[in-house]
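[1] sequence first, then the predicted structure, then my questions.
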Amino acid sequence: MLPTVLRLQRRPQFLKVAGTRQKWVAPGLILQIRRRPQDEQNETEAVPEGVIRLGFTVSKKVGNAVQRNRARRRLRAAAGEVFAQHAALGCDFVVIGRAATLKRSYDSLIKDMQASLKGLKAWREA
RNA sequence: CCAGACGGUUGGAUGACCGCUGUUCGCGAAGCUAUAUGCUAAUCGCGGAGGGAGGAAAGUCCGGGCUCCAUGGAGAUACGGUGCCGGGUAACACCCGGCGGGGGCAACCCCAGGGAAAGUGCCACAGAGAGUAUACCGCCUCGCUUGCCGGUUUCGGCCGGGUCCGCGGGGUAAGGGUGAAAGGGUGCGGUAAGAGCGCACCGCGCGUUUGGUAACAAACGUGGCAAGGUAAACCCCACCGGGAGCAAAACCGAAUAGGGACGGCAGACACUUCGGGUGUCAGGCGUAUUUCCACGCCGCAGUCCGGGUAGGUUGCGUGAGGCGUUCGGCAACGGGCGUCCCAGAUGAAUGGUCAUUACCUGUUUCGGCAGGCACAGAACCCGGCUUACAGACCGUCUGGCUUU
RNA sequence: UGGGGCGUGGCCAAGUGGUAAGGCACCGCUUUUUGGUAGCGGUAUUCGCAGGUUCGAAUCCUGCCGCCCCAG
């Protein structure tokens, strides 16, 4: 049974993840992580236990709208393969696209993602 | 064949695996009920079918639809916009046809193209003079003085001439020079020299006639040159414009706090602006429970109502719609008939990966190999404009060369 | 979506129709034993890009490009 993967949908959620200052920079992407504390359940946005939440950010530095869309789609496809299998439970992630995301091959992108999870000690064997 | 002008179409293809998001159908969950072999507005899951970025989706420069706000009607002022004429259109700053001006051998292209005899302003430098024109050089004429020439002489001068120089008065605007621009141009006549002073042609203004719906054009007559440029300087004239925007707007509506209504329970005293408020004691609640003390909070507990936040739903795609055909029109476009339904997201889908292939470039041992494959992503919708764009294809026309 | 502003030497910038000030920086010279200071001289501008109006445009008009800010 694979864990549920939800999407981050609000700007404050993204800011919370960025506020932890925990990140890993890979050639094809940047990964930010926030481990949700247990006592967050009594807040308004209660999230069930063991759920992985994921958000994507691609800034205007990457290129025009077409290039930004393409970068986000490649990251989303790669994350769909990696995160449900190997990401630590109960964490929020933000994946940031870089200019190299467009040029980098798909295999390298997946390896970048796996290395980032291991680097942040959020790797979980399937 | 080469060079060019104009108009239009298109914006790679196929397959495999894994996904995303609407629509629709079926089943199930779930919910409701009269508990049955019933029902389905919304929600979730599974399966089937079918749909899923553009010519510019872009810039947000114009014009509309739609929604709300304001507004009794009409007008004026201010502000902003538009600006040859006619037509098209829901409307436009758009489009079509025509006129005028400019460019090109031509096809064809470009033009904010109303008013400068209503007024104001500006026209640097240069130049004599820059807007009631001017007079520096020059040209002509008149006068004077000196020199000069001729005559005469009593040798002091006098008379005449007026080529040269100078001074003064007048005439002139042809020539020189300055400038972006010097107050019509060329020629002939004319004159002391000149000048629209006169004449011819051209240009310009005015009038009439003819053609044209009109802009305008042509012809004839006439004026005798007056009226420099600039309105993308102020301005004048004509016409148009209420404001804001789908994060508009409508509906549903949690928690918390606050507001109101209802009846129930609830005390006394003091002060007071007599609605109520404040203080003391009493009372209630909380600190697991009970009693006392202490502390904190306070009218208590309940039912209902309205506004309204988060959030959700609608707005939201049948439309000034696409395609085909026919009729009218030079055309833009309009009418008729037939046919089709064609994206709907909201941290935002429309894809990811791989393979084959088309095309282009380089290289080649002619087997291949390497690289590239434009501009660019809907966000309420529509009509335009502007800007970006690798290539491919089609049609019409112009000039040149060659051949027949 | 709506609104506003800016773009001038390498940097900061003035100039609102008449041919682009000033300061810092840079280079050279003088002064000084040397360096600094001080003084003198010099360099470099398609005025963001393109078109138009005008005799003439950084300036006026139109269309683009880039950057910044504000409101929701």
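    Perfect, thanks for sending it. Numbering: from 1, shown residues only, chains lettered A, B, ... in the order given.

[2] who are the packing partners of the longest helix seen in chain A?
    Longest helix in chain A by number of residues (criterion: DSSP state H): helix A:65-86. Contact here means 3 or more CB pairs under 8 Å, 6 or more residues apart in numbering; DSSP states H and E; on that basis helix A:65-86 packs against strand A:52-57, strand A:91-97, helix A:100-103, helix A:106-119. Quick note: C-beta positions are derived from backbone N, CA and C, even for glycine.

[3] what is the mean pLDDT for the first one?
    To tie it back to what came earlier, the one meant is strand A:52-57. Mean pLDDT, strand A:52-57: 86.

[4] now distance to A:Arg68 and mean neighbour count too, for the helices and strands packed on helix A:65-86, in a markdown table please.
    Below are the helices and strands packed on helix A:65-86 laid out as a markdown table (distance: least, CB to CB, whole Å; neighbours: other CB atoms under 10 Å):
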| stretch | distance to A:Arg68 | mean neighbour count |
| --- | --- | --- |
| strand A:52-57 | 10 | 19 |
| strand A:91-97 | 7 | 22 |
| helix A:100-103 | 9 | 16 |
| helix A:106-119 | 16 | 18 |
